[in-house]
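**Q** sequence-free structure coming up:
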């Protein structure tokens, strides 16, 4: 039977059953088809599995964290690492400013859902923009005014045969805040207010939005709006970039597609894919701490796989493998890496990931190597190496390296300053890429 107002909390990559978590016993997804359809879509997309059993519900999380509601059941998925550490790494990965979000005395009362921390960062970013003054631009306005302003439009007066009313045609250029970038910020605040369930945070969002609405008109957020605002960005609006980054993440995690050819699931809540965060985190860390090397994201290995001549009746495009990172020096590829948000030390390496890495390793000359970087909080985690050998003669052909990234240690190094800290970061980056 369905029970009203049931809250289920679990960690990423965790499974709860009626036996291990008694509150799930006797629950179902209700009598309607809508909730079951949403649950099926979530499972198909690899976001969250909610399975109806004879004894109740089974809930299995993946790399997505956040909060979602299925009927009368609210499911909150928490990250394994502490929120303060996650927020520090998140700011670094997405180049957000280290703004004060709350007083230490308020820390214990903070909402536990990740989206609320992300929205708190948005509030701090936008508050900073408002305090500095929203971006304004001069706009040409042509209208009759009872008190002349700017330049009197003599040509219009002549065309209308003189002045026929108690207003003089004028052309002037006021500086207005009603620009697209400010409209996106306002719409982002409204979106965040719909996502959060924290009443205090929602009140702050609405007050901030009401302040901006005095001079900025509302718009609807969609993929086209985000592309247009991205094209209009310049050095004059560089301070807006952190806020726009958060708004994009909120849109995607709420099920609003930013790609025209991508079908998106409209979520009854918020689910953020930690794979995206981990990829962005490792990308910035490697790019900043490998002097003399070039790090390319999503590098396409063109020409590695092709349909045989005369054997492509459907005229399909040849598959193109894309490692998350390719490290090169002087135009020569020296390393290929993937980043997966899965604690392989605890959960093991899935077969599909192993096969993907094996292809990357074998695409290089004899003795090639491909590395997968994965997050962990386990201090005992150590690198593992899988040799790829010829099945007939046993000769060594390539290697797959499973390398843990201790997020707690990484956050400590990122937050540290000084010459020694810089050397330690460079050494760790070389360990990630090169050392066995």
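**A** Arrived safely. Not measured: the values here are computed from a predicted model.

**Q** CA atoms for contacts and neighbours, from now on please.
**A** OK.

**Q** nearest residue to residue 42 other than its sequence neighbours?
**A** Residue nearest to residue 42 in three dimensions, not counting chain neighbours: residue 48, with 5.5 Å by CA to CA, 6 or more residues apart in numbering.

**Q** got a list of what the one you found touches?
**A** Shown in contact with residue 48 (CA atoms under 8 Å, 6 or more residues apart in numbering): 39, 42, 59-62, 64.

**Q** next, give phi and psi for it.
**A** For residue 48, the backbone dihedrals (degrees, to the nearest 10) come out as phi -160, psi 140.

**Q** go on, residue 89?
**A** The phi/psi pair for residue 89 (degrees, to the nearest 10) is phi -70, psi -40.

**Q** and it, what pLDDT?
**A** For residue 89, the pLDDT comes out at 93.

**Q** nearest residue to it other than its sequence neighbours?
**A** Spatial nearest neighbour of residue 89, chain neighbours left out: residue 411 (6.1 Å); criterion: CA to CA, 6+ apart.

**Q** ok, now residue 201?
**A** Leaving out its chain neighbours, the residue that sits closest to residue 201 by CA to CA, 6+ apart is residue 120, at 7.3 Å.

**Q** quick one: contacts of whichever strand or helix holds the residue nearest to residue 89?
**A** For residue 411, the host element (DSSP states H and E) is helix 407-415. Residues outside helix 407-415 that contact it (CA under 8 Å, 6+ apart): 81, 85, 88-89, 375-377, 421, 424-425.

**Q** so who does the most centrally placed residue in the chain touch?
**A** In the chain, the residue lying closest to the centroid (CA atoms, centre = their mean) is residue 249, at 4.5 Å. Listed by CA under 8 Å, 6+ apart, the contact set of residue 249 reads residue 272.

**Q** quick one: mean pLDDT for the helix or strand that it is a member of?
**A** According to DSSP H and E, residue 249 maps onto helix 241-253. Over the span of helix 241-253, the pLDDT mean works out to 91.

**Q** list the buried residues in it.
**A** The neighbour-count check on helix 241-253 (16 or more other CA atoms under 10 Å) flags 241-244, 246-253 as buried.

**Q** quick one, longest helix in this structure?
**A** Secondary structure assigned by DSSP state H gives helix 114-132 as the longest helix of the chain.

**Q** and the next element down the chain from that one?
**A** Counting by DSSP H and E, what follows helix 114-132 is strand 137-138.

**Q** quick one: contacts of the very next helix or strand once past that following strand?
**A** Downstream of strand 137-138, the first helix or strand assigned by DSSP H and E is strand 141-145. Here strand 141-145 makes contact (CA under 8 Å, 6+ apart) with 167-174.

**Q** from the residues you listed, which is closest to residue 127?
**A** Closest approach between the contacts of strand 141-145 and residue 127, by CA to CA: residue 174, at 24.1 Å.

**Q** next one: phi and psi at the closest one?
**A** phi -80, psi 150.

**Q** the closest residue to it other than its chain neighbours and residue 169, how far apart?
**A** Nearest non-adjacent residue to residue 174, counting by CA to CA, 6+ apart: residue 138, 5.4 Å away. Applying CA to CA, to the nearest Å, the value for residue 138 to residue 169 is 19 Å.

**Q** more neighbours: which of these two?
**A** Higher neighbour count among residue 138 and residue 169: residue 169, with 20 against 11, using other CA atoms under 10 Å.

**Q** angle of whichever helix or strand residue 186 is part of against helix 241-253?
**A** Residue 186 belongs to helix 180-195 when assigned by DSSP H and E. Going by axes from the mean of the first three to the mean of the last three CA atoms, to 10 degrees, helix 180-195 is angled at 50 degrees with respect to helix 241-253.

**Q** residues making contact with helix 180-195?
**A** Under CA under 8 Å, 6+ apart, the answer for helix 180-195 is 115, 119, 123, 126, 134-135, 201-202, 205-206, 208-209, 212-213, 216-221, 225-226, 229, 240, 243-244, 247, 250-251, 254, 269-270.

**Q** now the buried members of those residues.
**A** 115, 119, 123, 126, 134-135, 201-202, 205-206, 208-209, 212, 216-218, 221, 225-226, 229, 240, 243-244, 247, 250-251, 254, 269-270.

**Q** quick one: the helices in the stretch 1-150 of the chain, in order.
**A** Along the stretch 1-150 of the chain, counting by DSSP state H, counting those that start in this stretch, helices occupy 33-44, 83-93, 114-132.

**Q** how far does the second one sit from its chain's centre?
**A** Just to be clear, that refers to helix 83-93. Here helix 83-93 is found 12 Å from its chain centre; the criterion is CA atoms, centre = their mean, to the nearest Å.

**Q** likewise the first one?
**A** If you compare the mean C-alpha spot of helix 33-44 with that of the full chain, they lie 23 Å apart, counting by CA atoms, centre = their mean.

**Q** other SSEs contacting it?
**A** The helices and strands touching helix 33-44, judged by 3 or more CA pairs under 8 Å, 6 or more residues apart in numbering; DSSP states H and E, are strand 48-52, strand 64-70.

**Q** would you format these as CSV with mean pLDDT and distance to residue 310 included?
**A** CSV is the format used below for those (pLDDT from 0 to 100; distance: least, CA to CA, whole Å):
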stretch, mean pLDDT, distance to residue 310
strand 48-52, 92, 42
strand 64-70, 89, 43
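
**Q** which of these is buried the deepest?
**A** Ranked by mean neighbour count, those are led by strand 64-70 with a mean of 22 (mean count of other CA atoms under 10 Å).

**Q** and the contacts of it?
**A** By CA under 8 Å, 6+ apart, the residues outside strand 64-70 that reach it are 12, 29, 35, 38-39, 47-48, 74-79, 113-115, 267-274.

**Q** okay, now the sheet partners of that strand, with direction.
**A** strand 73-78 (antiparallel), strand 269-273 (antiparallel) (DSSP bridges).

**Q** which parts of the helix holding residue 411 are buried?
**A** 407-408, 410-411, 413-414.

**Q** and for stretch 371-379?
**A** Neighbour counts using 16+ other CA under 10 Å place 371-377 of stretch 371-379 among the buried residues.

**Q** now these as CSV including secondary structure?
**A** Output for the buried residues of stretch 371-379, formatted as CSV (DSSP: H, G, I helix; E, B strand; the rest coil):
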residue, secondary structure
371, strand
372, strand
373, strand
374, strand
375, strand
376, strand
377, coil
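
**Q** what about the strands in the stretch 151-300 of the chain?
**A** For the stretch 151-300 of the chain, the strands defined by DSSP state E, counting those that start in this stretch cover 151-152, 168-172, 175-176, 269-273, 294-297.

**Q** in its sheet, what does the first one sit against?
**A** Taking DSSP bridges as the criterion, strand 151-152 pairs within the sheet with strand 168-172 (antiparallel).

**Q** what angle do the partner strand and strand 141-145 make?
**A** Going by the same axes, to 10 degrees, strand 168-172 makes 150 degrees with strand 141-145.
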